[in-house]
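S.K.: The following block contains a protein sequence and its predicted model.
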Amino acid sequence: MAVRKDTDPRVRMWAPACQAVALLLGPYAEVVLHDPDADRILAIWNPASSRGPGDPSLLGELDALDPSARDVFGPYEKLLADGLGSGRWREDEEIRAWFGDWELLPPGLVSLAEWRPETTAAIEHDENYHSFFGGVARKS
């Protein structure tokens, strides 16, 4: 995202860092710079939703969280695109813990794209591949 000279000075200041994070984590992260006082989005990199500059930030949900550092919040749940509800990234170990002492059945904890695929064709490892995991277990 090229930053014009008439852009908000906060966007000019933070754009290099936001662009770096977007390049590092793209296409898996939507990087959003917020104006917390106005509760508006200032700029967005790697947009994964229809949100854009000037849209509501919806940061009110952060009021219930303890900051991990000054002005730093996360991880926290966000609304997912296409009305899928809310969610947040979780490590495999955290998901496996939900199964407790139950035995995970083959193929184990996998991307839903890998769950009994109907084809032998190569599966694209896109955002959806990395976003939705599942498993089936039985009580031991």
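M.R.: On my side now, so go ahead.
S.K.: What segments of the protein are strands?
M.R.: 31-35, 40-45, 78-79, 86-87, 103-104, 110-111, 133-134, 137-138 (DSSP state E).
S.K.: Looking at those strands, spot the one closest to residue 126.
M.R.: Taking C-beta to C-beta as the criterion, strand 110-111 is the member of the strands of the chain that comes nearest to residue 126, at 10.2 Å. (Each C-beta comes from the backbone N, C-alpha and C, glycine too.)
S.K.: got the buried residues for stretch 12-31?
M.R.: Within stretch 12-31, the residues that qualify as buried are 14-15, 18-19, 22, 30-31, counting by 16 or more other C-beta atoms under 10 Å.
S.K.: Quick one: mean pLDDT over that stretch.
M.R.: Rounded to a whole number, the mean pLDDT of stretch 12-31 is 86.
S.K.: Pull it out as CSV, backbone CA atoms only.
M.R.: Only the C-alpha atoms of stretch 12-31 are listed here, as CSV (Å, rounded to 0.1, in the frame of the first residue of the first chain):
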residue,chain,number,x,y,z
ARG,A,12,2.5,7.3,7.6
MET,A,13,4.2,6.5,10.9
TRP,A,14,2.9,2.9,11.2
ALA,A,15,2.7,1.9,7.5
PRO,A,16,6.2,0.4,7.3
ALA,A,17,5.6,-1.9,10.3
CYS,A,18,2.1,-2.8,9.1
GLN,A,19,3.4,-3.6,5.6
ALA,A,20,6.2,-5.7,7.0
VAL,A,21,3.7,-7.7,9.2
ALA,A,22,1.4,-8.1,6.2
LEU,A,23,4.3,-9.4,4.0
LEU,A,24,5.5,-11.7,6.7
LEU,A,25,2.1,-13.2,7.6
GLY,A,26,0.3,-12.8,4.3
PRO,A,27,-2.1,-14.1,3.1
TYR,A,28,-3.0,-15.4,6.6
ALA,A,29,-3.3,-12.1,8.5
GLU,A,30,-5.4,-9.1,7.9
VAL,A,31,-3.4,-6.1,9.4
